[in-house]
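[1] Sequence and predicted model, in that order:
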Amino acid sequence: MYVCICHGVTDTQIESAIDNGAETMKELTKTLSVGSQCGKCCQCTKRVLNRKLLQIAEAQPQVA
């Protein structure tokens, strides 16, 4: 699904950037330019970011 129409960025591209180390909106903006034009994609981008980071955190082994 397209998240950022201004720059043609999809949720899959955002998730890939997160897999490659992006952990903040600032990093996603630097990497993909999301949120740098009209800003209407920011809320959806944040939802994708938070969901993906949560998935990554849940997949980490628990240290006791």
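    Nice, I can see it.

[2] quick one: pLDDT of the spatially closest residue to Cys4 that is not a sequence neighbour?
    Spatially, and ignoring its direct neighbours in sequence, Cys4 is nearest to Cys41 (4.0 Å; Cβ to Cβ, 6 or more residues apart in numbering). C-beta: built from backbone N, CA, C; applies to glycine. Cys41 is assigned 97 on the pLDDT scale.

[3] roughly how far apart are Cys41 and Gly35?
    6 Å (Cβ to Cβ, to the nearest Å).

[4] overlap in contacts of the two?
    Cys4 (Cβ atoms under 8 Å, 6 or more residues apart in numbering).

[5] just to revisit the earlier point, residues contacting the residue nearest to Cys4?
    Going by Cβ under 8 Å, 6+ apart, Cys41 touches Val3, Cys4, Ile5, Cys6, Val9, Val34, Gly35.

[6] The same query, at a cut-off of 7 Å, please.
    Each residue near Cys41 by Cβ atoms under 7 Å, 6 or more residues apart in numbering is listed here: Val3, Cys4, Val34, Gly35.
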